[in-house]
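1. Okay, predicted coordinates and the sequence, questions at the end:
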Amino acid sequence: MKPSRDFDELVKLVTILRKECPWDREQTHESIKDNLIEEAYEAVEAIDKKNDEELKQELGDLLLHVIFHSRMARERGAFSIEDVIETLMEKLIRRHPHVFGEREVNDAGQVAENWETIKREEGKKSLLDNLPESLPALIRARRMQEKAGNVGFDWDDWKLAWEKFEEELNEWRAVAENGGRQEKLDEFGDLLFSLVNVGRLLDIQAEDALRQVNRKFESRFRYIEESLKKENRTPEESTLEEMDKLWDEAKSKGL
């Protein structure tokens, strides 16, 4: 086969791999489910880096997983890639009556509110259905807050949410020294959840912000390690004051 822009050719290629490659034949939904999550995060990383070439490749890897899972499902007689496409199109059309129907909306907020209403009409028991517990906790917290906010359960502005954060901070301080482990865990969770809420109302993604800080910390700590290595030393063999000085050097270099 040769590379092609034809979607059907890609489906055919995956079908061939499934039949003729020993590794591909052995895979199941369960065996590659973690790979699907990994590929999604690699796509997110490409977006963060604003690297279109990497994003193109990572989206291709995600597409491969969609087709591969669909192929395995077809072998079980469950569904096909065509069923996946049709189901998706049906859902998108149904949930966009302001585009494909006669419903009118004034802004994106009303679109989100209508989306939740339509989902309830589809038989969802809760607005919070379809939010996997396997989602990163910061992302899941924000998505729950967004869904509740779409139906009016929200602060009017971030300053009110900040007051709630300060309340939770005081409660955390009260248990930090003398509270039991579970009490500390509960109050620290409340503190994080309330801070995610503040960020959401300021249009800040907590997950993105923490990823950015993680990269910054990693870059600066690697600078410390590399600087000490040039002196044939390790972090364990240096003092906190020495490492702080190198940290400030890294910071001054824009790392």
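-> Now that the structure is in, tell me what you want to look at.

2. With just CA atoms, put stretch 137-151 into PDB.
-> The C-alpha trace of stretch 137-151 is given here as PDB (Å, rounded to 0.1, in the frame of the first residue of the first chain):
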ATOM      1  CA  ALA A 137      -8.900  15.500  39.000                       C
ATOM      2  CA  LEU A 138      -8.300  19.100  38.100                       C
ATOM      3  CA  ILE A 139     -10.000  18.700  34.700                       C
ATOM      4  CA  ARG A 140     -12.900  16.800  36.200                       C
ATOM      5  CA  ALA A 141     -13.400  19.400  38.900                       C
ATOM      6  CA  ARG A 142     -13.500  22.200  36.300                       C
ATOM      7  CA  ARG A 143     -15.900  20.200  34.100                       C
ATOM      8  CA  MET A 144     -18.300  19.600  37.000                       C
ATOM      9  CA  GLN A 145     -18.200  23.300  37.900                       C
ATOM     10  CA  GLU A 146     -18.900  24.200  34.200                       C
ATOM     11  CA  LYS A 147     -21.800  21.900  34.000                       C
ATOM     12  CA  ALA A 148     -23.300  23.200  37.200                       C
ATOM     13  CA  GLY A 149     -22.700  26.700  36.100                       C
ATOM     14  CA  ASN A 150     -24.500  26.100  32.800                       C
ATOM     15  CA  VAL A 151     -27.700  25.800  34.700                       C
END
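
3. residues of it that come out buried?
-> Under the neighbour-count criterion of 16 or more other Cβ atoms under 10 Å, stretch 137-151 has Leu138, Arg140, Ala141, Arg142, Arg143, Met144, Gln145, Lys147, Gly149, Asn150 buried. Backbone N, C-alpha and C define where each C-beta goes, glycine included.

4. Among these, which one lies nearest to Lys125?
-> Lys147 (13.3 Å; Cβ to Cβ).

5. Output the buried residues of stretch 137-151 as TSV; include the columns secondary structure.
-> Shown next, in TSV, are the buried residues of stretch 137-151 (DSSP: H, G, I helix; E, B strand; the rest coil):
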residue	secondary structure
Leu138	helix
Arg140	helix
Ala141	helix
Arg142	helix
Arg143	helix
Met144	helix
Gln145	helix
Lys147	helix
Gly149	helix
Asn150	helix
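
6. and after the helix or strand hosting Arg173, which helix or strand comes next?
-> Using DSSP states H and E, Arg173 falls within helix 158-176. The helix or strand immediately downstream of helix 158-176 is helix 181-201, counting by DSSP H and E.

7. Fine by me, thanks again.
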